[in-house]
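Asks: Below are the sequence and a predicted model for it; my questions follow.
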Amino acid sequence: MNRDLMLVLGVFGGCVALFIANKPRMDVVALIALVLLPLTGVITAGEAVAGFGDSIILLIAALFVVGEALVRTGVAFRLSDLLVRYAGSSETRLIILLMLAVAVLGSIMSSTGVVAIFIPVALTIAKRQGIAPGRLMMPMSFAGLISGMLTLVGTAPNLVVDSALKHHGHAGLGFFSLTPIGVVILALAIGYMVVMRGRLSKTESSIVVAAVERNFPVLIHDYRLADRELRLRVREGSPLTGRSLEVLNLRRTHGFNLVAVERPARLGTEMVLPGPATELQAGDTLLVDRLACETAPPKTHQELGLDLLPLSGSYFSDQSRKVGMAEVVIAPESALIGSTVRDTGLRREYGLQVLGLRRDRQALDGPVIDEKLRASDTLLVIGTWKAIRRLQGQRREFLVLSLPPESTEDAPAADRAPYALLSLGLMVVLMITGWVPNVVAALIACLLLGLFRCISMDVAYRCIHWKSLVLIAGMIPFASALERTGGINLAVNGLMAALEGAGPRVYLAALFGVTAVIGLFISNTVTALLMAPIALGMAQHLGVSPFPFAITVALAASTAFMTPISSPVNTLVVEPGNYRFGDFVKMGVPFSLIVLLVTVLMVPLLFPF
């Protein structure tokens, strides 16, 4: 072992130790490595920072933007709605659909983000059906990890392996190269969880209470909103059409407190918050509060040309992605104390309507519009999430309490969902056909998403996980440094000597095992950066195709089932699932062996040596 190799290994070993200690942050460790590597004299400063110019960095950044656009347009949440609808009361069907939904969505966007989206959905279902959350959380995390095995863009290690192949003069991976193997592993994972779910936590977790505390159902109960709602559609020829709300004065003349208007749009519907100048149109659906008004409706719905529509959620809770609720406390020194609810200006200045008032923890009965306010009174307001968040920035008169969990499901560009799907579909087609490089396909999708107003530039920059990009860019130079100093050859020769005379499948199994074990302690992306050159070196030494070895590294890097700290996906579900460290060991180790067996059997069949 020469001096240069010892220096590089020393820097790498120090980085690994800091990764395990998790101090300082991983991206800071990567920057430290960028500073130290040129000081060894093995690589230049330009070579050390070259990782920031690698196309993989831009590709991963673009995929963050695509994933965020799917959230902002409600595509991700609509998938969760379908899950709830079709799962019914069957726990087995729920696990199957939950894992399928997480895996499919995670194959085209961040698996960590997907699991984060589905955690409140699963907690709500668990509470409603009396299922311990622990029986749902780990299946979700397993599906999130397996989603990386379904497509090229499913996880960063796949892109790292693809980049390594191309840098060594090979063709690279196709968009669906991993899919046949991933589908088999997903099917086995679903069966595994259905059979083994009895070993998962059967106790409630404290976070379940927190997750449902002060959510829409709780607010509806506390402010006595149940059975006050009406959903009415304006018919053709209705006397209400073409007239402004200021002229109609629905509160006084018809006893309606109009909460919002659903209006047909080119693609789906849009939610219109009522204002004095709002004119009603045929086809509008009115969301009406019928108790917070001053007088009872003097006319029937039929006389007004309105059709009564069914409701699918108590007090419009099914509209929670378009219309939000929040509790607002009157500040102790507010100038509004002594004024009426009507005088607060919430509707005029913020586009928010007051639905109810609580005083001394009791909701007041009847209309509250002329109720005089006292210090610490709590108002329940309804409006767009954007308007509610704007009110949060105002501290003088009102204090907005913590937003309900539904606020995280806000889809501010829900009406742009078809455009988001069109952009995503085009990106996938371009990647599959190879008409343009993957990074160009992803950038085209990002530009289209911006053009269609699915996401703004400010949001696009904010949603990029810069910490991950710095980590990847900072660790890329290690591959060059180890190759230049002979470290890659040393590792390859060591493995070859240990397995001398064994068949190629044994080499695959050993490579899988080493990669999976290393991935227990450091980022799977860093693991792939380290192991991809070693895999290609083994293939070259054996004189066989590099693809079986490269794909084995990609699959092993995603096999992070064994500990709660192996992946952020696992870490996310620990608290809501009420898991201990040993729960992941007893469930993850056997399944990791199953994935190893599938890899060794299937990879050579699909990608011959």
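Replies: Done, it's in.
Asks: OK, contacts around I382?
Replies: By CB atoms under 8 Å, 6 or more residues apart in numbering, the contact list for I382 reads 259-260, 323-325, 352-353, 355. Backbone N, C-alpha and C define where each C-beta goes, glycine included.
Asks: That one belongs to a strand?
Replies: Yes: checked against DSSP: H, G, I helix; E, B strand; the rest coil, I382 lies within a strand.
Asks: Going forward, the N-terminal residue is numbered 51.
Replies: Sure, I'll start numbering at 51, so the last one becomes I432.
Asks: May I have the beta-bridge partners of it?
Replies: For I432, the beta-bridge partners are M375, Q403 (DSSP bridges).
Asks: just to revisit the earlier point, looking at the contacts of I432, which is nearest L57?
Replies: L57 has its nearest neighbour among those in G374, at 56.5 Å by CB to CB.
Asks: T609 is in contact with V567, isn't it?
Replies: No: using CB atoms under 8 Å, T609 is not in contact with V567; the gap is 10.0 Å.
Asks: So between these two, which is more surrounded?
Replies: More neighbours surround T609 than the other of T609 and V567, with 29 against 13 (other CB atoms under 10 Å).
Asks: How many residues are close by the nearest residue to L55 once chain neighbours are set aside?
Replies: Leaving aside its chain neighbours, L55 sits nearest to T535 (4.0 Å; criterion: CB to CB, 6 or more residues apart in numbering). Close neighbours of T535, defined as other CB under 10 Å, add up to 22.
Asks: Am I right that L405 sits in a strand?
Replies: Yes: the assignment for L405 (three-state DSSP) places it in a strand.
Asks: burial measure for it, as a count.
Replies: Neighbours of L405 using other CB under 10 Å come to 23.
Asks: check contacts around it.
Replies: Applying CB under 8 Å, 6+ apart, we find L405 in contact with 273, 275, 309, 339, 342, 375, 430-432.
Asks: same thing with S506?
Replies: By CB under 8 Å, 6+ apart, the contact set of S506 is G500.
Asks: can you do 6 Å?
Replies: For S506, the contact set (CB atoms under 6 Å, 6 or more residues apart in numbering) is empty.
Asks: picking up where we left off before, filter the contacts of L405 down to just the buried residues.
Replies: 273, 275, 309, 339, 342, 375, 430-432 (16 or more other CB atoms under 10 Å).
Asks: F597: which of those is nearest?
Replies: Distance to F597, by CB to CB, is smallest for M375 among those, at 53.6 Å.
Asks: what's the pLDDT at the closest one?
Replies: M375 carries a pLDDT value of 86.
Asks: repeat for G553
Replies: G553 is assigned 79 on the pLDDT scale.
Asks: Next one: it from F659, what distance?
Replies: According to CB to CB, to the nearest Å, G553 stands 10 Å off from F659.
Asks: quick one: which of those two has more around it?
Replies: Neighbours per residue (other CB under 10 Å) separate G553 from F659, with F659 holding more: 17 against 11.
Asks: surely that one meets G593?
Replies: No: here F659 lies out of contact with G593, judged by CB atoms under 6 Å, at a distance of 9.2 Å.
Asks: in a helix, that's where M321 is, yeah?
Replies: No: applying three-state DSSP, one finds M321 to be strand, outside a helix.
Asks: ok, it touching Q369?
Replies: No: contact criterion CB under 6 Å: M321 and Q369 do not qualify, at 7.2 Å.
Asks: Where do the strands of the stretch 151-300 of the chain begin and end?
Replies: For the stretch 151-300 of the chain, strands defined by DSSP state E, counting those that start in this stretch occupy the ranges 279-284.
Asks: brain fart, the chain
Replies: Taking DSSP state E as the criterion, the chain contains strands spanning 279-284, 307-314, 319-322, 335-339, 356-358, 374-380, 403-409, 412-413, 428-433, 448-450.
Asks: Among those strands, which comes closest to M507?
Replies: Nearest to M507 among those is strand 319-322 (22.9 Å), distances taken as CB to CB.
Asks: Check which helices and strands that closest one sits against.
Replies: The contact analysis (3 or more CB pairs under 6 Å, 6 or more residues apart in numbering; DSSP states H and E) places strand 319-322 against strand 307-314.
Asks: Relative to E97, how far out is V564?
Replies: With distances taken as CB to CB, V564 is found 27 Å from E97.
Asks: Between those two, tell me which one has more neighbours.
Replies: The neighbour comparison of V564 against E97 (other CB under 10 Å) goes to V564, with 19 against 16.
Asks: ok, E421 - contacts?
Replies: Counting by CB under 6 Å, 6+ apart, E421 makes contact with 391, 407.
Asks: Quick check: phi and psi at it.
Replies: Backbone dihedrals for E421, given as degrees, to the nearest 10, come out at phi -70, psi 130.
Asks: Now do it, the pLDDT please.
Replies: Looking at E421, its pLDDT reads 86.
Asks: Now do it against A413, distance only.
Replies: Distance from E421 to A413, by CB to CB: 12 Å.
Asks: Please apply the same query to E286.
Replies: 39 Å.
Asks: Of those two, which one has the most company?
Replies: Applying other CB under 10 Å to E286 and A413 shows that A413 carries more neighbours, namely 16 against 8.
Asks: Where in the protein is the helix or strand with the lowest mean pLDDT?
Replies: helix 256-262 (a mean of 44; mean pLDDT, DSSP states H and E).
Asks: Next up, the contacts around the residue nearest to L155 when sequence neighbours are not counted.
Replies: Nearest residue to L155 in three dimensions, chain neighbours excluded: V164, at 4.8 Å (CB to CB, 6+ apart). By CB under 6 Å, 6+ apart, V164 lies in contact with 152, 155-156.
Asks: let's see it at 7 Å
Replies: Going by CB atoms under 7 Å, 6 or more residues apart in numbering, V164 touches 126, 152, 155-156, 194.
Asks: pLDDT wise, what is it at?
Replies: 74.
Asks: and the gap between it and G117?
Replies: To G117, V164 is 8 Å away according to CB to CB.
Asks: Send me stretch 74-93 as CSV with only the CA atoms.
Replies: Only the C-alpha atoms of stretch 74-93 are listed here, as CSV (Å, rounded to 0.1, in the frame of the first residue of the first chain):
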residue,chain,number,x,y,z
PRO,A,74,-21.0,17.6,11.7
ARG,A,75,-23.7,17.4,9.0
MET,A,76,-23.0,15.0,6.1
ASP,A,77,-22.8,17.8,3.6
VAL,A,78,-20.2,19.6,5.8
VAL,A,79,-18.2,16.4,5.9
ALA,A,80,-18.3,16.2,2.1
LEU,A,81,-17.0,19.8,1.9
ILE,A,82,-14.2,18.9,4.4
ALA,A,83,-13.2,16.1,2.1
LEU,A,84,-13.2,18.5,-0.9
VAL,A,85,-10.7,20.6,1.0
LEU,A,86,-8.5,17.7,2.2
LEU,A,87,-8.2,15.7,-1.0
PRO,A,88,-6.3,18.3,-3.0
LEU,A,89,-3.9,18.7,0.0
THR,A,90,-2.9,15.0,-0.4
GLY,A,91,-1.6,15.8,-3.8
VAL,A,92,-3.4,12.9,-5.4
ILE,A,93,-5.9,15.1,-7.2
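Asks: Name the residues that touch it?
Replies: By CB under 7 Å, 6+ apart, stretch 74-93 touches 54, 57-58, 61, 65, 68-69, 94-95, 98-99, 517, 520-521, 524-525, 527, 530-531, 534-535, 573.
Asks: Show me those residues that map onto helices.
Replies: By the criterion of DSSP state H, membership of the contacts of stretch 74-93 in helices covers 54, 57-58, 61, 65, 68-69, 95, 98, 517, 520-521, 524-525, 527, 530-531, 534.
Asks: Among the residues you listed, name the buried ones.
Replies: Neighbour counting by 16+ other CB under 10 Å classes 54, 57-58, 61, 65, 68-69, 98, 520-521, 524-525, 527, 530-531 among the ones in helices among the contacts of stretch 74-93 as buried.
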